[in-house]
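1. dropping a prediction and its sequence here:
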Amino acid sequence: MKTQILNHANSCGEDECCGFVIDDKIYLPCNNTSPTPTETFEISPDDWIKAERKGKITAVVHSHPDGFPILSEADQFYQQQTEIDWWLVCNNEIYKFRYIKPLIGREFDHGQTDCLTLVRDAYMLAGINLPDYERQDNWWRNGLNMYLDLLPQNGFERADEPQAGDIILVCLGSSVPNHAAIYIGNQFILHHCPNRLSKRDLYDGFWLKYTHSVWRHKQWQSSNFTAILNNMAINSI
């Protein structure tokens, strides 16, 4: 299937290719019906019907010829409408973006949609996949130090002043860091606290006072942050 997808993308030249993955094992190429195929893609209703008759649509596939390997603002908007994975072909590679809830406005559910989930999902959009961890509430009171174990093992190193995309660890009523936020620039963070919706907050006062450390991924580039901005742009509240 990988070869089929890459061959289809290459055959489309400067136009964006598009298609479906059916049942996680079949690739169904489609025609890009967009009036501006070098900039966007559209799949006809007939192709959607054809795909649904073949099985379960498990991913939408398209390409970014000469573009970046991240989902654009429009891509993320439509992925949220379809609620399935989107695969992106760029630089002769396939990048897989699982469907996630919008980064802003999430209900808190520890271990399911919490501050670690927010970090993992934001970084996935930026092209960096971080592992998930089964975690019990109040793990920081049971001798665990999850974030200080997680970050160094997955390509992060400590930094001094935060830059956009960095992870800020905070101690919330704990001697070990038990809360993670993403610095989004201009003295703002994106984070998810218990009993609150995920949101942007001004990085001062309480958050600044109880900051433990700042962490930066070794492979981080400024273009990575664009994917996070794209998500926030379509889901601001």
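-> Good, I have the coordinates.
2. please name every helix or strand in contact with the longest helix seen in the chain.
-> With DSSP state H applied, the helix covering the greatest number of residues in the chain is identified as helix 222-234. When contacts are defined as 3 or more CB pairs under 8 Å, 6 or more residues apart in numbering; DSSP states H and E, helix 222-234 packs onto helix 73-82, helix 115-125, strand 179-185. Every C-beta, even on glycine, is put in place using the N, C-alpha and C of the backbone.
3. identify the residue spatially nearest to Gln187, adjacent ones excluded.
-> Closest residue to Gln187 apart from its sequence neighbours, by CB to CB, 6 or more residues apart in numbering: Tyr203 at 4.9 Å.
4. check contacts around the one you found.
-> 162, 168, 181, 183, 187-189 (CB atoms under 8 Å, 6 or more residues apart in numbering).
5. recalculate using a threshold of 7 Å.
-> Tyr203 is in contact with 183, 187-189, counting by CB atoms under 7 Å, 6 or more residues apart in numbering.
6. how about Ala51?
-> Per CB under 7 Å, 6+ apart, neighbours of Ala51: 20, 22, 28, 57.
7. in the helix or strand hosting the third one, what's buried?
-> For Leu28, the host element (DSSP states H and E) is strand 26-30. Applying a neighbour-count criterion of 16 or more other CB atoms under 10 Å, the buried positions in strand 26-30 are 27-30.
8. again with stretch 49-56
-> Neighbour-count burial for stretch 49-56, counted by 16+ other CB under 10 Å, picks out Ala51.
9. list of residues touching stretch 227-237?
-> Residues outside stretch 227-237 that contact it (CB under 7 Å, 6+ apart): 70-73, 76-77, 102-105, 122, 125-126.
10. out of those residues, which end up buried?
-> 70-72, 76, 102-104, 122, 125-126.
11. picking that back up, by contact count, what packs against the strand holding Leu28?
-> With contacts defined as 3 or more CB pairs under 7 Å, 6 or more residues apart in numbering; DSSP states H and E, strand 26-30 has these neighbours: helix 2-11, strand 18-22, helix 45-54.
12. please repeat the previous calculation with a cut-off of 6 Å.
-> helix 2-11, strand 18-22 (3 or more CB pairs under 6 Å, 6 or more residues apart in numbering; DSSP states H and E).
13. so of the ones you listed, which one's packed in deepest?
-> Comparing these by mean neighbour count (mean count of other CB atoms under 10 Å), strand 18-22 ranks first with a mean of 24.
14. average pLDDT across that one?
-> Across strand 18-22, the average pLDDT comes to 97.
15. okay, and the residue nearest to Lys2 when sequence neighbours are not counted sits in which element?
-> Among residues not flanking Lys2 along the chain, Ile94 sits closest, at 6.2 Å (CB to CB, 6+ apart). Counting by DSSP H and E, the element that carries Ile94 is strand 93-97.
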